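**Q** 3D model of this:
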Amino acid sequence: MAAVTDNLRAAGFVLGAIAFWAIGDTVVKLLAETMSVPAIVFLRGLVSVVLVVLLARAGGWRPSRETLTHPMVLLRGLFEVGTVFTYLLGVANLPLAVANTLIFTSPLFGVALGGLVLRERLGPARLGAVALGFAGMLLVTDPLGA
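**A** Have a look, this model is predicted:
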């Protein structure tokens, strides 16, 4: 029973994250009318750092200089900035439905990479669920405006 409760809690967090993501994309689309993408990335990063520091301190985590300056952490940060910048540039210049459709292809890539890199079993049920989820997302986002 604990596994079911854990799964429901995790699903709730994922749904919350997707809701925040959709709201954030909408705000970026609105801000892009009056601000440049680099300014949006800077402000978004600033807000994120403040929130993460507050949450980390509330959880009792105290960063060390070694942790923050570890080469892999810095490399990951560099990739994150590149990812956010290019994604927000896309959101600013594409219709929101098309941008969301493109970003929601990530489960397809996740499943494919899981099979190739992690040797996950990709049976018909898993592939069918991903395809059904992708088709449902296409119905909701309606990227072609049909």
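
**Q** would you map the helices across this protein?
**A** Secondary structure of the chain (DSSP state H): helices located at 2-31, 37-58, 65-68, 71-93, 96-103, 106-116, 124-141.

**Q** now mean neighbour count and mean pLDDT too, for those, in TSV please.
**A** No exception for glycine: its C-beta is placed from N, CA and C like everyone else's. Shown next, in TSV, are the helices of the chain (neighbours: other CB atoms under 10 Å; pLDDT from 0 to 100):
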stretch	mean neighbour count	mean pLDDT
helix 2-31	11	86
helix 37-58	12	88
helix 65-68	9	86
helix 71-93	13	89
helix 96-103	17	78
helix 106-116	13	84
helix 124-141	12	84
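
**Q** show me the chain divided up by domain.
**A** With domains defined by automatic domain parsing, the chain comprises 1-93, 95-146.

**Q** can you tell me how far Val28 is from Leu116?
**A** 32 Å (CB to CB, to the nearest Å).

**Q** Ala17 now?
**A** Taking CB to CB, one finds Ala17 at 25 Å from Leu116.

**Q** can you check Ala135 too?
**A** Note on Ala135: its distance to Leu116, by CB to CB, is 23 Å.

**Q** ok, now which ones touch Tyr87?
**A** Tyr87 is in contact with Ile103, counting by CB atoms under 8 Å, 6 or more residues apart in numbering.
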